[in-house]
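Student: With the sequence up front, the predicted model follows.
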Amino acid sequence: ADALCRQADEQDKKEEAASNQALGLADGPTGPPTAKAEKEIEELQGHSKRREDFIAWSQSREVSVSHTDVFGQVQLSAAEYKGKAVRIKNSTGVAYVVPEDAGLLKLMVDKCSDVSIHVQSSVITSTVELYKCRRLELHLDHPLGTLQVDECDESVAVKFAERDHVGKAYHQNSPGFSISWGLCGTSNSTMVGKAGAFQLLTCMVDAALRTDAVRRGEGEFPLDFGTATAVPDQPEPEAVPADEQRRQEAEKHRLAGNDMFRASDFSQAAALYSLALQLAPELGAVWANRAQCWLKLGNHEKALADAKKCTEVEPMNPKGWFRQGISLHAMQRYTDAIPALLEAGFKKVCEGQWDWLRID
């Protein structure tokens, strides 16, 4: 009798296993949400390799240089820096020359003082960034598409070879920022910078420099001027309540961070999101955005911490839950990742949205 019972039990188990196999339940019941999460994790395994390759590529393309009180010129030659994004950092008392054949990918200048830089070549991305610099002169022999100047509280003089070379200059809290052009770089010098936590845009309009606050349309892209006023006639910003002003300033940092994210400058985007969070830590979208930056940079622990903070301040924000799941998966904590991804799916169903990776 015992043998017959065991045989019957074994037969029941075989039939149950066959039934589960036929129904796709060999690994246990998997409803639509779980199946979708597992499929997304499969896809992310392929993405992680591409993300790691991109991070490695970005790091291999950026180099930092620093000099102090150098006699004579420092050449950033093609042999060392061609195709690289060069960051000049913490230099003082130096004259740099970027020769005509240098072919820099991008030029960034951070926290330098009493420095001159003569860029004789074109920059591949047509982008130069200046941050917290003092008493700096930048000479540009070729046209420049985008110049970013932030937190430069003393003289920063950017001198173009010709008026037509002036592109778009985005600047914030840089009262010493001036633009000029001409053979000696001194004619038509115009002080365009202003103090204050608001972003300005300066460019040529009808053959003259014009500056206005950055205005954004759909998709948060800057709008063209059209009706900008000349620098001396700009009205001072109207006074607003302290709490509202704090949110407005945080929003400006968020939008600037979005611009940097779209330009694949994830470190700068994270720094701008941090500024926004210092002003308005209740903004869940910014915590989610910074988590996405950490994911792009391969810092999964920071990404997880920011994603958790997002769901603390905004429990219904699906991107906070989704980025928790992705962070945990990247850390090989698969059991913990599944509930977070399922929660993200539930929140998305509630919202009726499915754009997982877009920054807000």
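Tutor: Thanks, I have the structure now. For clarity, every value in this text was computed on a predicted model and none was experimentally measured. Residues are numbered from 1 along each chain as shown.
Student: So which residues of the protein form helices?
Tutor: Chain-ordered helices for the chain, with DSSP state H as the definition, fall at 2-22, 32-61, 78-81, 242-262, 266-279, 284-297, 300-313, 318-330, 334-351.
Student: Comparing those, which yields the minimum mean pLDDT?
Tutor: Note on the helices of the chain: helix 32-61 shows the lowest mean pLDDT, a mean of 58.
Student: can you count the residues close to Ser64?
Tutor: A total of 12 residues lie near Ser64 under the criterion other CB atoms under 10 Å. Where C-beta positions appear, they are placed from N, C-alpha and C, glycine not excepted.
Student: can you list the weak-confidence ranges in the stretch 51-200 of the chain?
Tutor: Applying pLDDT under 70 to the predicted model, the residue ranges of the stretch 51-200 of the chain that meet it are 51-60, 183-188.
Student: That one: strands as residue ranges?
Tutor: Assignment of strands within the stretch 51-200 of the chain using DSSP state E, counting those that start in this stretch yields the ranges 62-65, 73-75, 85-89, 92-98, 106-110, 113-119, 127-131, 134-140, 146-150, 156-160, 168-172, 177-181, 190-191, 199-205.
Student: Quick one: closest of those strands to Val286.
Tutor: When the strands of the stretch 51-200 of the chain are ranked by distance to Val286, counting by CB to CB, first place goes to strand 199-205 at 16.5 Å.
Student: Other residues contacting the closest one?
Tutor: By CB atoms under 8 Å, 6 or more residues apart in numbering, the surrounding residues in contact with strand 199-205 are 163-164, 166-172, 179, 192-194, 209-214, 222, 225, 228, 231, 252, 256.
Student: Of those, grab the buried ones for ChimeraX.
Tutor: Those of the contacts of strand 199-205 that count as buried under 16 or more other CB atoms under 10 Å are selected in ChimeraX with:
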select :163,166,167,169,170,171,172,179,192,193,194,209,210,211,212,214,225,228,231,252,256
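Student: what's across from the closest residue in space to Ser189 that isn't next to it in sequence in the sheet?
Tutor: Distances taken as CB to CB, 6 or more residues apart in numbering put Ser180 closest to Ser189, at 3.8 Å, once the chain neighbours are dropped. When bridges are taken as DSSP bridges, the partners of Ser180 come out as Lys159.
Student: Quick check, Ser180 in contact with Met191.
Tutor: No - assessed by CB atoms under 8 Å, Ser180 is found out of contact with Met191, at 9.9 Å.
Student: Of the two, which one has the most company?
Tutor: Regarding Ser180 and Met191, a neighbour count based on other CB under 10 Å identifies Ser180 as having more, with 19 against 16.
Student: Please tell me how far the more buried one sits from Leu209.
Tutor: 10 Å (CB to CB, to the nearest Å).
Student: what is in contact with those two at once?
Tutor: When contacts are counted by CB under 8 Å, 6+ apart, Ser180 and Leu209 are jointly contacted by Thr190.
Student: List the residues that contact Arg135.
Tutor: For Arg135, the residues meeting the contact criterion (CB under 8 Å, 6+ apart) are Ser113, Asp114, Val115, Glu154, Ser155, Val156.
Student: how many neighbours does Asn144 have?
Tutor: Actually, residue 144 is Leu. It isn't Asn. Leu144: 21 surrounding residues under other CB under 10 Å.
Student: got a list of what the closest residue to Leu147 other than its chain neighbours touches?
Tutor: In space, and not counting its chain neighbours, Leu147 is closest to Ala169: 4.3 Å by CB to CB, 6+ apart. Contacts of Ala169 were listed using CB under 8 Å, 6+ apart, and they are Thr146, Leu147, Gln148, Val149, Val158, Phe177, Ile179, Val192, Leu201, Thr202, Cys203.
Student: What are the buried residues along stretch 248-264?
Tutor: So, applying 16+ other CB under 10 Å, buried residues of stretch 248-264: Glu249, Ala250, Lys252, His253, Arg254, Leu255, Ala256, Gly257, Asn258, Asp259, Met260, Phe261.
Student: What residues are bridge-paired with Thr68?
Tutor: Thr92.
Student: ok, it - how many residues close by?
Tutor: Using other CB under 10 Å, Thr68 is surrounded by 9 other residues.
Student: hmm, back to that, can you list the contacts of Arg135 in CSV and add neighbour count?
Tutor: Listed next are these as CSV, based on neighbours: other CB atoms under 10 Å:
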residue, neighbour count
Ser113, 15
Asp114, 15
Val115, 21
Glu154, 13
Ser155, 16
Val156, 24
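Student: Many thanks, have a good one.
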